[in-house]
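1. Pasted the sequence and its predicted model underneath.
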Amino acid sequence: MRFLLFLVPLVLLSAGASGQSFTNAKYGGDFLSVGAGARALGMGSAHAAITNDVTSAYWNPAGLADVESLDIAYMHSERFAGIVSYDYGAVAYPLKNSESTIAVSMFRQGVDNIANTLNAWDRERNLPRENPEDYIEQFSVADMAFIFSYATRESEQLSWGLNAKIVNHRLGPFADAWGYSIDAGAMYRMGNTQFGVHVMDLTTMMKFWSVNESEFGDFEENFGDEIPSGQNERVLPTLKVGLGHTRQFGDFLMTGAFDVDMRFENRQAFFINLGRVSFEPHAGIEGTYKERLSLRAGLTDVTTDTRNSVYISPTLGAGIHLKNVFVDYGFANFGGGATSLGVTHRISLRVTI
């Protein structure tokens, strides 16, 4: 209940922001689409119904109710030949004498060491300054998210969880944005079958942009373009529905999962859609031997083109469990049908204490 009281100010802020001017930001939350933990990513990101560790804060906060001890995770991945880096870290802690768990997660996606050449141009001579490298500074473009989670078990079959999410976008010294929203999830178990529902940005993500015009210097005079102005954005909810099933075969435990992400942003180009609603399916399978070695495969990034051809990206993964340490690896063709965008390698480490 104390966590629910903590969420009340965010709900009130959302209500207060409704009177301001916002634009719907299509793909406004996609910087988080890489996910959390290489296990889920190796299974095609089909995890809303089977997640049960610290990474649940991302896939479905209800899964945090299965955490039985201090759980810590970290993942690093790179895309576009290392240009874009992605880091994720989280910690979950089960509360004593209760069926509840709290967690904190952090995400950062960024491009670092970008050259700022605005001051390296001599406007009077219309040429680069002498020793232009002395006027070039480096900056970073980064997207960050902080998630504060609470989950509890209502019965052996039912658990639920909530996230309070804060995001920050920073375009070097030029502009930044802050946003907030609430996620909610639930999981239900029927024997070896599990169902999961996760509503991301349930209250709608509200983003407030601000621009530091002084950092643009002589931008208007040099290039004849106006300095961009900040504009508030709204990110609509995403509904994730998942189904999972486990089956024991001697020393092997097999797990299958299927998810569908439903978005309401009018993503008609390159996505399976029904009007303004787009559908993104995910499927995965995992085989684990004696709870020590796991192999995984999945399908994700289902897209179409103007000729209605369908492209699907395969994923592969593996994991090893040594006492309280879990090391997982995931491999994906990040570009889907556009294979020229390259592949992605993901490695994550999880430790229980």
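-> Sure, I can see it.
2. Okay, helices next: where are they in the chain?
-> Under the criterion DSSP state H, helices of the chain are mapped to 2-17, 38-42, 56-59, 219-223.
3. Least confident of the ones you listed, on average?
-> Among the helices of the chain, helix 2-17 carries the lowest mean pLDDT, a mean of 47.
4. how near is Val260 to Leu274?
-> Distance, Val260 to Leu274, using C-beta to C-beta, to the nearest Å: 12 Å. Where C-beta positions appear, they are placed from N, C-alpha and C, glycine not excepted.
5. More neighbours: those two, which one.
-> Set Val260 next to Leu274 and count neighbours by other C-beta atoms under 10 Å: Val260 wins out with 17 against 9.
6. Look up the pLDDT of that one for me, please.
-> For Val260, the model assigns a pLDDT of 95.
7. cool, His345 as well?
-> At His345, the model reports a pLDDT of 78.
8. who's in contact with it?
-> Applying C-beta atoms under 8 Å, 6 or more residues apart in numbering to His345 gives the contacts Ser77, Glu78, Tyr329, Gly330, Phe331.
9. what pairs with it across the strands?
-> Applying DSSP bridges to His345 yields these beta-bridge partners: Glu78, Phe331.
10. ditto for Met206
-> Counting by DSSP bridges, Met206 forms beta bridges with Tyr180, Arg234.
11. Is it correct that it is in contact with Leu236?
-> No: taking contacts as C-beta atoms under 8 Å, Met206 lies outside contact range of Leu236: 11.2 Å.
12. Tell me which of the two has more neighbours.
-> With other C-beta under 10 Å as the criterion, Met206 and Leu236 differ in neighbour count, and Met206 comes out ahead with 23 against 18.
13. what sits against the residue nearest to Thr152 when sequence neighbours are not counted?
-> Closest residue to Thr152 apart from its sequence neighbours, by C-beta to C-beta, 6 or more residues apart in numbering: Ser100 at 4.2 Å. Counting by C-beta under 8 Å, 6+ apart, Ser100 touches Ala65, Pro94, Tyr150, Ala151, Thr152, Arg153.
14. Would you mind measuring from the last one to Ala186?
-> The one in question is Arg153. According to C-beta to C-beta, Arg153 stands 11 Å off from Ala186.
15. Need the overlap of contacts for these two.
-> Residues touching both Arg153 and Ala186 (C-beta under 8 Å, 6+ apart): Ser159.
16. where are the low-confidence patches of the stretch 51-200 of the chain?
-> Applying pLDDT under 70 to the stretch 51-200 of the chain flags the ranges 80-82, 118-119, 121-127.
17. 90 instead, please
-> 76-86, 96-99, 109-142, 169-177 (pLDDT under 90).
18. now the closest residue to Arg292 other than its chain neighbours: how far from Ile50?
-> Leaving aside its chain neighbours, Arg292 sits nearest to His321 (5.2 Å; criterion: C-beta to C-beta, 6+ apart). Separation of His321 from Ile50 (C-beta to C-beta): 16 Å.
19. Comparing the two, which residue is more hemmed in?
-> Counted by other C-beta under 10 Å, His321 and Ile50 do not tie: Ile50 has more neighbours, with 27 against 16.
20. contacting residues for the closest residue to that one other than its chain neighbours?
-> Computed as C-beta to C-beta, 6+ apart, the closest residue to Ile50 that is not its neighbour in sequence is Gly244, at 3.8 Å. Counting by C-beta under 8 Å, 6+ apart, Gly244 touches Ala46, Ala49, Ile50, Thr193, Gln194, Phe195, Gly196, Thr255, Gly256, Ala257, Phe258.
21. top of those by neighbour count?
-> Ala46 leads those on contacts (other C-beta under 10 Å) with 29 neighbours.
22. Name the residues of stretch 138-148 that are buried.
-> Within stretch 138-148, the residues that qualify as buried are Phe139, Val141, Ala142, Asp143, Met144, Ala145, Ile147, Phe148, counting by 16 or more other C-beta atoms under 10 Å.
23. returning to that earlier point: go through the contacts of Ser100 and flag which are in strands.
-> Among the contacts of Ser100, the members falling in strands (DSSP state E) are Pro94, Tyr150, Ala151, Thr152, Arg153.
24. Touching, Arg315 and His47? I think so.
-> In this structure residue 315 is Thr, not Arg. No: counting by C-beta under 8 Å, Thr315 sits too far from His47 to count as a contact (11.8 Å).
25. More neighbours: which of the two?
-> More neighbours surround His47 than the other of Thr315 and His47, with 31 against 27 (other C-beta under 10 Å).
26. phi, psi of the more buried one?
-> Main-chain dihedrals, His47, degrees, to the nearest 10: phi -150, psi 0.
27. which ones are touching it?
-> Counting by C-beta under 8 Å, 6+ apart, His47 touches Gly35, Arg39, Ala40, Thr55, Trp59, Asn60, Gly242, Ala257, Asp259, Gly284.
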